[in-house]
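1. test case, fold it:
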Amino acid sequence: MAASFRPDIQGLRALAVGGVVAYHFGLAALPGGFAGVDIFFVISGWLISTHLMREIAETGRLDLWRFYARRARRLLPAALFVILATLAAGYFILAPQEQALYSRGAMYASAYAINLWLLRWSFDYFASDALSNPFIHFWSLSVEEQFYLVWPALLLLAAWLRPGRRMAATVIGVAGLASFAACLWLTSLSPAWAFYFSPLRAWEFAAGGLATLVPVAWRHQRSWLRAAQGWLGLALIAAAYIWLSEDLPFPGWYAALPVAGTVLVLLSGAGEHNDEASPIGWQTLRPAAALSLPPLQWIGALSYSLYLWHWPVIVYAQMLVPDLSASQRFGCGALALALSVLSYHLIENPGRRFGWLTAGARALAPALGLTGMGVAAAYANAHLATRNIDPAQRGIEEAAEQPSTARAIDKNCLLDFHTVKPKPCMFGPAEAARTIVLFGDSHADHWSTPLVEAARRNDTKVVTYLKSSCRASRLSTFNTVLKRDYTECDAWREQAIAEIIRRKPRLVVISEFSIGNLTRDMPAAVRKAEVARWQAGLRSTLQAFSHAGVETAVIRDTPISDSFADSCVARALWWREAPSRCDTPRVEAANDDVAATERAVVKSVPDTLYVDLTDRFCGPTECHVFISGKLAFRDRHHLATSFAQTLEEPLEKALF
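-> Below you'll find the predicted structure:
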């Protein structure tokens with residue numbers, strides 16, 4: 001378990017950070033680049049276990065003060081500097097309410113606990129709103145630091161039970177298997193916990209730790225076997241980068257791909273000194289030689305600083321220029337690399353030699369001081385940002401947070417992903433002369449606000465059948481949160497249709513997230529096939545009601561914006577710019593072609609009508625997010641309730 005520098009590990013760091021940067025910068029060829037973090041976890045497990053096991057074997061104990069001092073001077077100075085710089089830049093880029101929110105994230109990042117803060121909000125790392133959080137990437141550093149707190153105790157427990165490699169392997173193996181089993185279980189049940197909670201990522205560190213304990217004979221096998229093993233490992237890493245995507249349930253089984261690949265590469269490079277006597281061909285063909293190439297060594301040395309810098313750079317760049325070109329993204333990468341070089345030479349590398357962060361219990365005070373400085377700066381920034389929220393900014397925030405009429409009465413009127421049994425919610429007097437049913441997903445829910453008020457004025461009660469991300473059209477879909485086919489939606493929809501028909505309402509009002517929005521980023525051929533499936537599904541639903549003698553109205557879906565309306569408008573006001581900077585060209589936002597197809601389907605089914613209020617949001621060339629002094633959308637495509645109230649009159653004219 002030699003502690004000497006291994007160039008192949010430095011090269012692995014370069015591959016790891018390269019994958020993460022490629023993914024975050026939108027390189028389509030590497031959709032699984034996020035798995036680079038898993039490579040880092042395995043490397044950490046290997047290195048830390050190697051160091052601690054050697055110290056236990058030599059001294060029978062661990063100098064934990066020295067261990068944590070080494071961690072502190074390796075990680076804290078650069079992390080604190082990036083946190084402070086990101087907060088400072090955020091003052092000029094983020095709206096005050098965003099500054100306040102993300103400053104709280106910076107507090108947790110400074111204390112290496114942001115993964116727990118993200119868990120509190122069940123925050124999806126792959127969700128589109130993650131693009132506005134400049135500190136989310138600190139989650140992996142928090143997981144590592146929490147690993148460093150627990151791992152030495154685990155190895156000391158193994159040594160106390162019975163000194164030697166066998167007991168250490170048993171303890172690490174049991175901990176790793178338990179972690180892996182829990183990770184598999186929660187990846188589908190509660191993806192956020194599986195992703196962020198450090199005990200459920202411990203198996204990846206354990207894999208690296210176990211690899212250090214493989215029999216010596218395995219490490220000293222023939223050179224060509226170790227070379228083949230290493231190339232297989234690199235192939236697995238490449239497969240993870242190319243094959244994995246945010247649509248797959250991760251980590252779970254899929255994380256085993258980069259983890260296994262990294263373990264194989266690490267084992268392949270172990271005992272490289274024995275290759276000096278092997279044929280020269282195997283020395284030059286071994287993967288360690290490729291990983292030792294100067295460019296990879298240079299990037300590997302910068303990997304920590306590059307990881308810290310790349311995310312706030314691309315997040316802020318996308319806020320300033322929402323539709324970054326390829327050349328602009330390349331420029332952002334160059335900027336992140338330049339900042340990494342500067343912080344590596346001026347902060348990170350000198351920090352490793354700081355006398356006040358060297359050894360012993362004395363290192364605890366300055367380490368806690370650095371952490372406290374980050375927490376205090378983030379807290380002060382949050383307080384300042386809160387004071388900068390003026391009435392206009394507060395109005396934007398309140399408009400975005402106000403629930404629809406249906407959800408204001410009962411938040412469970414819009415069912416969650418897992419619930420299958422329909423939950424009808426009634427609005428208006430039970431003895432009203434007529435009944436209207438509102439049926440669909442959250443895009444039906446936001447119409448509940450004007451519809452319920454219009455119904456009240458016309459002696460009509462409204463009954464809602466609503467389920468999150470579940471269209472009224474008979475179309476089986478993939479749920480991006482559950483990372484699987486949305487079978488609960490199909491079951492709920494059929495039950496809801498049957499219940500609605502039994503009610504015999506005067507009218508069923510349908511609205512749903514447009515297939516044009518769903519497929520806007522798909523290749524043309526795939527898009528065409530999905531639109532055809534959706535047409536059949538919509539027609540089937542409408543015909544079910546028509547055959548039962550129930551009239552139906554389909555409300556054309558709202559436009560979709562390039563940016564989150566609430567954040568974009570708030571930033572525009574902070575920058576003293578017009579909210580119109582947040583508008584989206586109609587050709588991109590309104591899906592006029594899909595709407596024409598939808599209108600044709602509706603027209604082909606008896607007793608149906610089509611309601612199109614798009615001109616309330618869009619002009620001939622642009623679709624707006626701020627209309628007549630009101631925030632029109634609370635995010636990219638859901639109506640803000642205060643604006644939805646203004647649509648009562650046109651909706652009443654169309655339906656009553």
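
2. domain map for this protein?
-> 7-386, 394-655 (automatic domain parsing).

3. mind putting those domains in a markdown table, mean pLDDT and mean neighbour count included?
-> The C-beta positions use only the backbone N, C-alpha and C, and glycine is treated the same way. Output for the domains of the chain, formatted as a markdown table (pLDDT from 0 to 100; neighbours: other CB atoms under 10 Å):
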| stretch | mean pLDDT | mean neighbour count |
| --- | --- | --- |
| domain 7-386 | 88 | 19 |
| domain 394-655 | 94 | 19 |
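
4. ok, and the closest non-adjacent residue to the residue nearest the centre of the chain?
-> Of all residues in the chain, the one closest to the mean position by CA atoms, centre = their mean is residue 125, 1.6 Å from it. Excluding its sequence neighbours, the residue lying closest to residue 125 (CB to CB, 6 or more residues apart in numbering) is residue 195, at 5.8 Å.

5. the one you found reaches residue 250, doesn't it?
-> Yes - with contacts counted by CB atoms under 8 Å, residue 195 reaches residue 250, the gap being 7.1 Å.

6. helix or strand for the residue nearest to residue 125, which one?
-> Using DSSP states H and E, residue 195 sits within helix 191-196.

7. just checking, next helix/strand downstream of that helix?
-> Assigned by DSSP H and E, the successor of helix 191-196 is helix 198-211.

8. that following helix: how far from the chain's middle?
-> Going by CA atoms, centre = their mean, to the nearest Å, the spacing between the C-alpha centre of helix 198-211 and its chain's C-alpha centre is 22 Å.

9. find the nearest non-adjacent residue to residue 367, please.
-> In space, residue 367 is closest to residue 72, 3.8 Å off (CB to CB, 6+ apart).

10. mind giving me the packing neighbours of the helix or strand containing the one you found?
-> Here residue 72 sits within helix 64-93, counting by DSSP H and E. Using 3 or more CB pairs under 8 Å, 6 or more residues apart in numbering; DSSP states H and E, the elements in contact with helix 64-93 are helix 96-110, helix 138-161, helix 294-320, helix 326-343, helix 349-351, helix 364-387.

11. ok, which of these comes nearest residue 648?
-> helix 96-110 (28.6 Å; CB to CB).

12. which strands and helices sit next to the closest one?
-> helix 64-93, helix 114-120, helix 138-161, helix 364-387, helix 391-401, helix 565-574.

13. for these, give me JSON lines that also has distance to residue 512.
-> Shown next, in JSON lines, are the helices and strands packed on helix 96-110 (distance: least, CB to CB, whole Å):
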{"stretch": "helix 64-93", "distance to residue 512": "35"}
{"stretch": "helix 114-120", "distance to residue 512": "30"}
{"stretch": "helix 138-161", "distance to residue 512": "33"}
{"stretch": "helix 364-387", "distance to residue 512": "37"}
{"stretch": "helix 391-401", "distance to residue 512": "22"}
{"stretch": "helix 565-574", "distance to residue 512": "20"}
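
14. can you classify residue 461 as helix, strand or coil?
-> Secondary structure for residue 461, judged by DSSP: H, G, I helix; E, B strand; the rest coil, is strand.

15. hey, what's it bridged with?
-> residue 435 (DSSP bridges).

16. need the contact list for the closest residue to residue 401 other than its chain neighbours.
-> Distance criterion CB to CB, 6+ apart; nearest residue to residue 401, sequence neighbours excluded, is residue 634 at 7.7 Å. Counting by CB atoms under 8 Å, 6 or more residues apart in numbering, residue 634 touches 399-402, 565-566, 640-641.

17. list just the nearest of those residues to residue 489.
-> Closest to residue 489 out of these is residue 641 (24.6 Å), distances taken as CB to CB.

18. for the closest one, give its distance to residue 446.
-> From residue 641 across to residue 446, the span is 7 Å (CB to CB, to the nearest Å).

19. all strands for the stretch 401-550 of the chain, in order.
-> Along the stretch 401-550 of the chain, the stretches classed as strands by DSSP state E, counting those that start in this stretch are 414-415, 425-427, 434-440, 460-467, 478-479, 484-485, 507-511.

20. quick one: which of those strands is nearest residue 530?
-> Proximity to residue 530, assessed across the strands of the stretch 401-550 of the chain by CB to CB, is greatest for strand 478-479 (10.7 Å).

21. what is the closest one packed up against?
-> Packing contacts for strand 478-479, counted by 3+ CB pairs under 8 Å, 6+ apart, involve strand 484-485.

22. strands paired with the strand it packs on, and their directions?
-> Paired strands of strand 484-485, with direction, are strand 478-479 (antiparallel) (DSSP bridges).

23. nearest to residue 471, out of the helices and strands packed on helix 64-93?
-> Closest among those, using CB to CB: helix 294-320, at 29.3 Å.
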